[in-house]
Structure formats: C-alpha cells, structure tokens
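give me the fold of what follows.
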Amino acid sequence: MGHARGARAIREAIGLRSDPEVCAGILAVQLGQLGQAAEMYESSGRHDLLNELRQAKGEWGAAIALAEEKACAARCPTLLDVSRAVVTRAPAAASQDRIHLSSTHYSYARALEAEGKLEEAIEHYEKAGAHRTEVPRMLFDAEQTSKLQEYVDRKDDAALSKWWAQYCESNGAFDKALDYYQHAKDHLATVRILCFHNKLEAAAEVVAQSSDAAAAYHLAKACEERGQVKEAVQFFQRAGRSNHAVRLAKEHGMASELRLLAQQAPPKVMAEAAEHLEQRGMFDQAIQLYSQSGNMSRALDLCFKHNQFEALREIADHLSADADPALLRKVGDFFLEHGQFDKAVRLFSIAGETKRAIELCTVHNVPISEELAERLCPELGQRGAETEGARQALLLQIAKCCKRQGNYHLACKKYTQAGDKVKGMRCLLKSGDTDKIVFFAGVSRAREIYILAANYLQNLDWHSDAEILKNIVAFYNKGKAFESLSAFYDMCAQVEIDEYRDYEKAASALNEALTHMGKARNAPDGAARMAALQSKIAHVTGFVAARKMVKSNPDEMIRRCHALLGEPDCEEAIRVGDVFALMIEWFYSQQEFARAHALIEQMRDRSILLSPYLDSEMIQEICAAMGVPPPPEGPSQRGGGQPEPGGHDDMDECIEGGDDDE
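Residues are numbered from 1 along each chain as shown. I've put the predicted structure just below:
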C-alpha cells in the first residue's frame with residue numbers, strides 16, 4: 001500500500017501478540033477511519049486506547065467521561081501516535097480504578113492552557129493533582145503574578161505558600177517571603193532569612209518552638225560565623241551535631257562543657273575529646289571519656305599513672321567479661337593491694353581466676369551472692385573446670401564458704417550441684433526454712449535426707465499442724481526408718497496422755513509404734529523395746545478398760561485400778577494421778593468420803609500434785625466431810641499442767657496412714 005508508518009505499526013502490534021481487533025483498530029487509525037477504530041477499541045475492551053483516541057480527536061468531555069466510567073488497561077506511552085500504543089491486553093478491574101482520570105485531566109489542562117483558558121486549566125490541574133507546580137508555572141509564564149498571589153492566598157496550601165515565598169525572596173521582598181515561609185511552616189527558610197538580616201534572637205525563638213534540626217544547624221553556623229561560640233555550641237547540640245559542638249569547645253577552651261558534649265558524640269569524637277582533656281591535665285574527665293568510648297586500657301593507664309582511685313573504682317564496677325583478662329587481673333591486683341577485697345573478687349571472677357577469688361572470699365569473708373557464685377564456677381570445659389572433678393571441687397569450696405557466711409540456701413544449692421545432697425540438706429536445716437526443707441526432701445528421694453527432714457520436723461509444733469505431722473510419718477516411711485517412726489509414735493502417745501488425757505488415742509499410737517518397731521529388724525535392743533511397748537500397751541489398754549467400767553461395773557473398775565497401781569512399771573505407761581483421780585471421783589459421787597480421802601492421802605504419800613488431777617472444790621468438800629483441813633499442795637513426781645479433756649484430732653489421720661510406705 002506504500003504506507004510505511006502503518007505497516008510498521010501493524011508489525012509491532014503482531015510482535016506484541018495483540019488481539020486482532022486491536023491490530024485492526026491501529027490499522028483503521030492509520031487509514032483515517034477513526035470511527036471504526038473507536039468501535040474496535042470498544043469491542044476489544046481497550047478503553048485506554050479509546051481514551052487516547054478521543055483525546056487526539058479533541059473530544060475531551062468524552063475522554064474524561066470514559067475515564068470516570070471505565071476501568072482501563074495499562075496506559076500507552078504516547079498520546080498522539082496511537083499506532084505505537086500496543087500492549088498486552090489486561091484483565092478488567094473495578095470501576096473505581098480509573099487510572100487514566102488524572103492523566104486525562106492533566107492533558108486537558110495543558111490543552112486549555114495552550115488555548116489561553118487559564119481558569120478552566122486551573123480547574124483541571126487541580127483535578128489532576130498537579131496544581132501545586134503547574135498553576136504557579138502557568139500563571140508566572142502568563143505574567144499574572146497578582147492573580148497567582150490571590151490563588152495562593154485562596155488555596156491556603158503549604159506547598160503553594162512556599163513557592164510564593166521563594167518567588168518573593170528572589171525579588172528581594174524578604175518581609176513578605178518571611179510571612180509566607182512561616183505560613184508554610186518552613187522553619188529552615190524562616191531561620192535563614194532571619195539570620196541573613198541578623199535577627200538571631202528571633203531565629204532562636206523559631207528554633208526553640210519548632211525543634212527543627214536543620215533550622216538549628218543553620219542558626220548554629222550563623223552564630224559561629226559571628227563569633228557567638230556558646231550559642232553556636234548550644235544550637236549544634238540541639239541540631240544533633242555533637243561533633244561540631246565538640247570541635248568548637250576544643251577550639252575555644254571550653255573544657256567544662258567539653259565532657260558533657262563529648263558524651264553525646266560518637267566514640268571517635270569522644271576519644272578525641274578525652275585526648276584533649278588529657279593534654280590539659282584534666283585526667284578525671286579524660287578517664288571517664290576514655291572508658292565511655294571503649295578505650296579501657298588507656299583509661300586504666302591514666303588511673304594508675306595519676307592515682308585516680310575513685311575513677312578506677314567506677315571503671316571497675318562496669319568492667320565485664322568482654323574486657324582483656326590481663327587488664328582485669330591488673331586492676332584486681334591493685335584493689336587487692338589496697339584492701340578492696342570485694343572488688344578484687346569480682347574482677348578475678350570475671351577474669352577466670354576462680355580459685356583465687358574463692359580463696360579471697362574464704363579468707364576475707366567476702367559475701368558470695370547468687371551472681372558471684374555462678375561466675376565462680378564456670379561451665380564444664382572452661383578454665384578452672386576442665387574436668388568434672390575440678391568443677392565439683394570448685395562447687396564444694398563455694399558451698400563451704402557460703403555455709404560459713406550463713407548463706408545456707410546458696411550453700412545447699414552448690415552442695416546439690418556438686419552431688420552431695422546430704423550436706424545440702426544439712427545446710428538447709430540450718431536455715432530453718434520448713435517449706436524448702438519439705439520440698440527438697442520430696443524431690444531428693446534419698447533415705448538419709450528423708451530421715452533428716454523428719455527429725456527436723458519433730459522439733460516443730462507438729463501436734464498443732466496436721467501437715468507437719470503427716471510429713472514426719474511420710475518421710476520416716478519413705479526412708480524406711482521404722483525404729484525412728486516407732487519412737488515418734490511412742491512420743492505421740494505420751495503427748496496424748498500428758499496433754500489431753502486421751503488414753504484411747506495413746507493406745508492406738510502405741511500399737512502403731514509396736515507395728516513399726518516390728519519392721520525394724522536390725523534395730524539394737526529391738527526385742528527389749530518391743531517388750532517395753534507391749535507393757536505400755538497393756539497398762540494403757542487396762543486403764544482404758546477400767547474407765548469404761550465406771551457405770552457398768554464400778555467394783556471391777558476399782559479392782560483394776562488398784563492392780564495398775566501395784567504394777568512396778570505402771571508410771572512408765574500412764575499417769576498414776578489419773579488412776580487415783582478416776583477412783584476418787586467415783587467415791588465422791590457415791591458420797592464415800594472416807595475412801596476418797598484415803599486415796600487422796602495415798603497420792604500425797606506418792607508426792608503426786610493434786611491440782612492437775614482433782615478439782616479443788618471436790619477436795620475441800622471431801623476434807624470438810626472428814627473434819628480435816630484441806631491438804632497443802634506439794635511437788636508431784638511427774639509434774640505437768642492442768643490436763644484438758646479430749647484428744648488430739650490430727651493424730652487420727654497420722655495413725656490411719658501410718659503403714660503407707662510410698
């Protein structure tokens with residue numbers, strides 16, 4: 001056809017694998033058949049090409065309406081040469097995704113600007129979102145500056161205000177420019193103009209109110225140029241340019257401010273400031289900056305060289321395991337020479353000199369904390385704990401030292417880590433922490449520890465705390481300490497008799513004692529002890545039976561009581577005063593005062609105190625009936641306070657669970 005441009009456009013469309021309808025539409029454009037091209041673009045869904053075709057035809061209203069209503073595919077690179085705008089067809093998007101709407105408004109605004117329709121162009125520049133740059137350019141090119149100022153004032157936009165401020169500044173209208181910069185909140189430009197007119201105080205107010213780093217930096221430079229060094233340092237610091245602040249402080253001999261400024265600077269600047277202070281002989285401040293910059297060796301050298309002991313102590317408190325071990329040992333030796341043993345121990349422990357640190361703790365009684373104890377015993381394989389035996393030796397040394405210092409909980413922990421749980425338990429017993437003792441015994445699962453815990457619990461008020469009573473029985477059972485458990489039940493029986501006069505529970509406890517004594521096969525004098533228990537049981541049960549006969553068979557009761565009193569070992573099992581009291585109370589109830597008084601005299605002959613067993617009014621009434629004065633009180637053989645009726649309730653549970661070996 002001799003149409004080279006059209007042929008090239010078709011070849012490119014085919015190369016991009018465009019739809020046949022798109023290719024045909026491009027061909028129609030080249031042939032001038034724009035109506036058919038629009039139909040083909042519409043049917044193929046290429047609203048982007050249709051939009052650009054309408055723009056090229058000058059149908060701006062239709063183009064904008066299409067962009068508002070249709071979702072378009074990827075935009076073409078050009079507007080006029082639609083034959084080159086062939087891209088792969090994209091899937092339809094939601095109607096809200098009108099990607100060509102802004103560009104269409106922008107193109108229309110450019111066309112209106114070319115026609116001189118500035119008001120309409122402004123409207124479409126705003127819809128395109130390009131009014132902040134295009135409207136000032138357009139009105140400036142059209143030499144309508146007054147209209148531009150009105151537009152800026154009307155829109156009240158920061159970007160437009162800044163543009164107009166720059167325009168005013170370029171024309172020398174600084175006051176007006178300053179107003180618009182302030183309106184746009186461009187603090188840097190505001191400070192720049194104020195500094196240009198030497199209004200540094202006003203500029204300082206702007207910096208103080210805005211906290212703008214760039215504005216503070218500009219003001220600092222202005223102050224430096226004018227020789228206002230202190231103000232420059234202040235504003236450099238506010239701007240976050242501590243290196244410039246340090247530079248000025250060094251140049252002008254501001255030593256007192258230099259350290260504070262350097263602390264906010266990077267380590268390199270801090271080290272340079274420290275060197276400057278060192279040259280001026282301000283060693284304490286130089287040491288502090290050297291240490292903060294990470295140059296610990298230089299800081300410590302200054303401490304030793306110039307006898308800066310306070311600074312050395314502060315540095316030592318912040319030394320960690322990351323420091324050079326040789327440096328740590330050097331500082332530790334210094335503190336050791338000067339009697340600062342706690343600091344020396346800390347540094348030696350960090351440096352890995354664990355044996356030396358433990359020796360200092362032992363000799364000079366340096367308190368061992370939890371943290372220090374962990375450092376003094378490194379992990380297996382590290383220095384000082386190369387083998388398991390070496391590590392256990394360290395743990396034992398730490399534990400012994402903690403024990404001497406009265407830190408029993410930590411000593412228990414270290415003994416346990418060393419594998420000696422028994423010594424750990426003994427330390428815990430010294431602490432008196434019952435809850436931890438019970439817990440430790442429960443988790444240790446060792447016979448000796450069970451027995452130690454039970455022995456300790458016996459010294460507590462177990463008869464008032466059922467939980468302690470249960471733990472005693474449980475630990476003796478778990479430890480297979482049947483002989484000790486038997487002795488404990490024997491003691492329980494005696495408590496029931498002495499404190500509560502409950503012979504029934506005492507008999508039950510003695511039976512438990514006999515049962516567990518029978519399990520203790522290898523106990524020394526086991527047979528003799530069992531015989532003694534059997535004798536006690538016989539006496540206690542005999543007295544229980546006698547008390548039950550008070551109403552049913554009082555004569556038998558009296559006979560049995562006299563029989564008990566005749567037994568030589570009766571007082572080892574029961575309180576003789578209770579036997580006398582039982583008979584006296586019976587005779588008193590029967591008005592047999594002579595027999596009751598005779599028994600009272602027998603009690604006195606045996607040196608038994610009357611008041612714990614007999615009511616004083618009853619004694620007085622018996623003596624009055626016999627015509628004799630009441631007997632004076634005398635010392636008793638067994639002693640004891642006023643007995644109380646009833647038994648000990650917690651003993652029931654103890655006795656019921658006595659055979660539990662788990």
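
any regions of the stretch 251-400 of the chain where pLDDT drops low?
Applying pLDDT under 70 to the stretch 251-400 of the chain flags the ranges 251-324, 327, 338, 378-386.

what's the following helix or strand after the longest helix seen in the chain?
Longest helix in the chain by number of residues (criterion: DSSP state H): helix 526-548. Heading C-terminal from helix 526-548, the first helix or strand you meet, by DSSP states H and E, is helix 554-566.

which helices and strands sit right next to that following helix?
helix 526-548, helix 576-589 (3 or more Cβ pairs under 8 Å, 6 or more residues apart in numbering; DSSP states H and E). To be clear about C-beta, it is placed using only N, CA and C from the backbone, and glycine gets the same treatment.

and those, which one averages the lowest pLDDT?
Here those differ in mean pLDDT, and the lowest is helix 526-548 at a mean of 88.

ok, and what's touching it?
483, 486, 490, 493, 497, 503-504, 506-507, 510-511, 513-514, 517-518, 520, 523, 556-557, 560-561, 563-564, 567, 569-570, 572-574, 578-579, 582 (Cβ atoms under 8 Å, 6 or more residues apart in numbering).

are any of those buried, and which?
When the contacts of helix 526-548 are checked for burial by 16 or more other Cβ atoms under 10 Å, the buried set is 483, 486, 490, 493, 497, 503, 506-507, 510-511, 513-514, 517, 520, 523, 557, 560-561, 564, 570, 573-574, 578-579, 582.

in helices, which of those fall?
Per DSSP H, the buried ones among the contacts of helix 526-548 map to helices at 483, 486, 490, 493, 503, 506-507, 510-511, 513-514, 517, 557, 560-561, 564, 578-579, 582.

helices or strands next to the one helix or strand residue 350 maps to in the packing?
Using DSSP H and E, residue 350 sits within helix 341-351. The contact analysis (3+ Cβ pairs under 8 Å, 6+ apart) places helix 341-351 against helix 309-318, helix 325-337, helix 354-364, helix 370-376.

same list (those helices) but as CSV, adding mean neighbour count and distance to residue 167.
Below are the helices and strands packed on helix 341-351 laid out as CSV (neighbours: other Cβ atoms under 10 Å; distance: least, Cβ to Cβ, whole Å):
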stretch, mean neighbour count, distance to residue 167
helix 309-318, 16, 58
helix 325-337, 18, 64
helix 354-364, 19, 75
helix 370-376, 17, 68
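
what's the neighbour count on residue 436?
When counting by other Cβ atoms under 10 Å, one arrives at 14 neighbours for residue 436.

try residue 105
By other Cβ under 10 Å, 22 other residues sit near residue 105.

related to what we said a few turns ago, now the helices and strands packed on helix 341-351 in CSV, with distance to residue 215?
As requested, these are exported to CSV (distance: least, Cβ to Cβ, whole Å):
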stretch, distance to residue 215
helix 309-318, 38
helix 325-337, 46
helix 354-364, 56
helix 370-376, 49
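
okay, now the domains of this structure?
4-129, 156-416 (automatic domain parsing).

and residue 447, what does it touch?
Residues near residue 447 by Cβ under 8 Å, 6+ apart: 478, 479, 480, 481.

filter those to the buried ones?
The buried subset of the contacts of residue 447 - by 16+ other Cβ under 10 Å - is 478, 479, 481.

look up how far residue 470 lies from the first one.
Residue 478 sits 12 Å away from residue 470 when distances are taken as Cβ to Cβ, to the nearest Å.

do residue 464 as well
Going from residue 464 to residue 470 by Cβ to Cβ gives 13 Å.

pick out whichever of these two has more residues nearby.
Higher neighbour count among residue 464 and residue 470: residue 470, with 17 against 10, using other Cβ under 10 Å.

quick one: list the elements packing against the helix or strand that that one is a member of.
Using DSSP H and E, residue 470 maps to helix 466-478. Applying 3+ Cβ pairs under 8 Å, 6+ apart, we find helix 466-478 packed against helix 434-444, helix 447-458, helix 482-495, helix 650-656.

most tightly packed of these?
helix 482-495 (a mean of 22; mean count of other Cβ atoms under 10 Å).

and the average pLDDT for it is what?
88.

show residues contacting that helix.
451, 454-455, 458, 463, 472-473, 476-477, 505-507, 509-510, 512-517, 519-520, 523, 526, 529, 533, 536, 540, 648, 651, 654-655, 658.

let's see 7 Å
451, 454, 458, 463, 472-473, 476-477, 506, 509-510, 512-513, 516-517, 519-520, 523, 533, 648, 651 (Cβ atoms under 7 Å, 6 or more residues apart in numbering).

in TSV, list the helices and strands packed on helix 466-478 along with distance to residue 115.
Formatted as TSV, the helices and strands packed on helix 466-478 follow (distance: least, Cβ to Cβ, whole Å):
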stretch	distance to residue 115
helix 434-444	94
helix 447-458	103
helix 482-495	114
helix 650-656	107
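
follow-up on the earlier one: rounded mean pLDDT for the helix holding residue 470, please.
89.

for it, list the C-alpha coordinates in PDB.
Extracted C-alpha coordinates of helix 466-478, given in PDB (Å, rounded to 0.1, in the frame of the first residue of the first chain):
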ATOM      1  CA  ALA A 466      -1.500 -31.700 110.800                       C
ATOM      2  CA  GLU A 467       0.600 -31.100 107.600                       C
ATOM      3  CA  ILE A 468       3.800 -31.300 109.600                       C
ATOM      4  CA  LEU A 469       2.600 -34.500 111.400                       C
ATOM      5  CA  LYS A 470       1.800 -36.100 108.000                       C
ATOM      6  CA  ASN A 471       5.200 -35.200 106.600                       C
ATOM      7  CA  ILE A 472       7.000 -36.700 109.600                       C
ATOM      8  CA  VAL A 473       5.200 -40.000 109.200                       C
ATOM      9  CA  ALA A 474       5.600 -40.000 105.400                       C
ATOM     10  CA  PHE A 475       9.400 -39.200 105.500                       C
ATOM     11  CA  TYR A 476      10.100 -41.900 108.100                       C
ATOM     12  CA  ASN A 477       8.200 -44.400 106.000                       C
ATOM     13  CA  LYS A 478       9.900 -43.400 102.700                       C
END
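
angle of it against helix 447-458?
Relative orientation of helix 466-478 and helix 447-458, computed by axes from the mean of the first three to the mean of the last three Cα atoms, to 10 degrees: 150 degrees.

so residue 611, which of the three states?
Secondary structure, DSSP: H, G, I helix; E, B strand; the rest coil: residue 611 is coil.

that one: neighbour count?
Neighbourhood size, residue 611 [other Cβ under 10 Å]: 13.

returning to that earlier point: what's the most distant pair in the contacts of residue 447?
The span of the contacts of residue 447, defined through Cβ to Cβ, is set by 478 and 481 at 8.8 Å.

mutual contacts of those two, please.
In contact with both residue 478 and residue 481: no residue, using Cβ under 7 Å, 6+ apart.

how near is residue 173 to residue 149?
Taken as Cβ to Cβ, the span from residue 173 to residue 149 is 11 Å.

kindly report the same for residue 545.
Distance, residue 545 to residue 149, by Cβ to Cβ: 124 Å.

more neighbours: which of those two?
Under the neighbour definition other Cβ under 10 Å, residue 545 and residue 149 were set side by side, and residue 149 has more, 16 against 13.

mind checking which helix or strand that one is in?
Short version, using DSSP H and E: residue 149 is in helix 145-155.

quick one: name whatever helix or strand follows that helix.
From helix 145-155, the next helix or strand downstream (DSSP H and E) is helix 158-170.

contacts for the next helix or strand after that next one next, please.
Sequence order places helix 174-183 as the next helix or strand after helix 158-170, per DSSP H and E. Outside helix 174-183, the residues that touch it by Cβ under 7 Å, 6+ apart are 161, 162, 164, 165, 168, 169, 189, 190, 193, 197.
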